[in-house]
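Participant: Pasting the sequence and the predicted coordinates here, then a few questions.
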Amino acid sequence: MSPCAQSEATCAYALQALPADEAAAAQAHIAVCADCRREFDEMRAVTDRLVAWPTDVLRPPASLQQRLAQRLAEEAGQAPAPPPPRRWSEPDWQDVAPGIACKLLANDAEAHRVSMLVRLAPGASYPPHTHAGVEELHLLDGELWINARKLFPGDYNYGPPGAIDERVWSETGCTCVLVTSTLDVLQ
């Protein structure tokens with residue numbers, strides 16, 4: 001633990017858990033405090049590794065959630081509260097091509113639009129295609145190349161109608177949110 005009194009704010013800043021009005025002060029403090037800068041660098045190394053984990057790994061299993069609810073209820077002297085009803089049934093991943101899996105989130109057949117999560121395995125590539133409509137992509141983890149542009153987690157890519165993606169591939173594997181036309185033309 002850092003001997004600095006700002007250590008807790010440094011940890012919260014590294015986890016991106018500080019309100020915006022406190023983040024600037026924490027960033028300024030980290031820039032001048034060697035102890036907090038070291039702690040921040042160590043925390044970021046851990047959190048940066050967590051970003052690459054699939055979300056399935058980070059979600060606790062139902063059995064753990066039930067045991068935790070039971071324990072909290074016992075400590076509070078109350079009956080365990082039932083979990084809230086699921087409002088959405090998460091779709092399964094579908095293998096659509098070698099090294100490519102999709103999880104359909106929404107489908108607007110009239111507008112010929114879909115939104116989905118797309119996962120590329122390391123070394124996988126998507127075939128060249130021409131956009132029939134707007135394509136929007138937000139990279140969640142890994143790295144993705146679209147033509148000569150390399151995307152990193154958090155990057156957004158806008159592809160206008162008529163644009164051609166000659167090469168889409170991932171050296172590391174990646175997961176992205178993709179909103180696109182169902183009428184794209186594969187080449």
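Facilitator: Received the coordinates, thanks.
Participant: Quickly list what residue 151 is bridged to.
Facilitator: According to DSSP bridges, the residues that bridge with residue 151 are residue 144.
Participant: quick one: contacts for it?
Facilitator: Residues in contact with residue 151 (CB atoms under 8 Å, 6 or more residues apart in numbering) are 137, 139, 143, 144, 145, 157. Glycine gets a C-beta too; all of them are placed from N, C-alpha and C.
Participant: Name all residues that make contact with the closest residue to the last one other than its chain neighbours.
Facilitator: Pointing back at residue 157 there. In space, and not counting its chain neighbours, residue 157 is closest to residue 137: 4.4 Å by CB to CB, 6 or more residues apart in numbering. By CB under 8 Å, 6+ apart, residue 137 lies in contact with 144, 146, 151, 156, 157, 159, 176, 177, 178, 179.
Participant: try 10 Å
Facilitator: 118, 144, 146, 151, 155-159, 165, 168, 176-180 (CB atoms under 10 Å, 6 or more residues apart in numbering).
Participant: Of these - the most surrounded one?
Facilitator: residue 144 (27 neighbours; other CB atoms under 10 Å).
Participant: if we can go back for a sec, which one of the contacts of residue 137 sits closest to residue 129?
Facilitator: Using CB to CB, residue 165 is the member of the contacts of residue 137 that lies nearest residue 129, at 5.6 Å.
Participant: If you count neighbours, what's buried in the longest helix along the chain?
Facilitator: The longest helix of the chain (DSSP state H) is helix 34-51. Neighbour counts over helix 34-51 (16 or more other CB atoms under 10 Å) mark 36, 37, 39, 40, 43 as buried.
Participant: so what pLDDT did the first one get?
Facilitator: If you check residue 36, the pLDDT there is 91.
Participant: Is it correct that it is in contact with residue 12?
Facilitator: No - Residue 36 lies out of contact with residue 12 (CB atoms under 10 Å); the separation is 11.6 Å.
Participant: Could you tell me which residues touch both of these two?
Facilitator: Joint contacts of residue 36 and residue 12 (CB under 10 Å, 6+ apart) are residue 26.
Participant: Who are the contact partners of residue 156?
Facilitator: Contacts of residue 156 (CB under 10 Å, 6+ apart): 136, 137, 138, 139, 176, 177.
Participant: For the last one, which non-adjacent residue is spatially closest?
Facilitator: Once flanking residues are discounted, residue 177 sits nearest to residue 138: 4.6 Å by CB to CB, 6+ apart.
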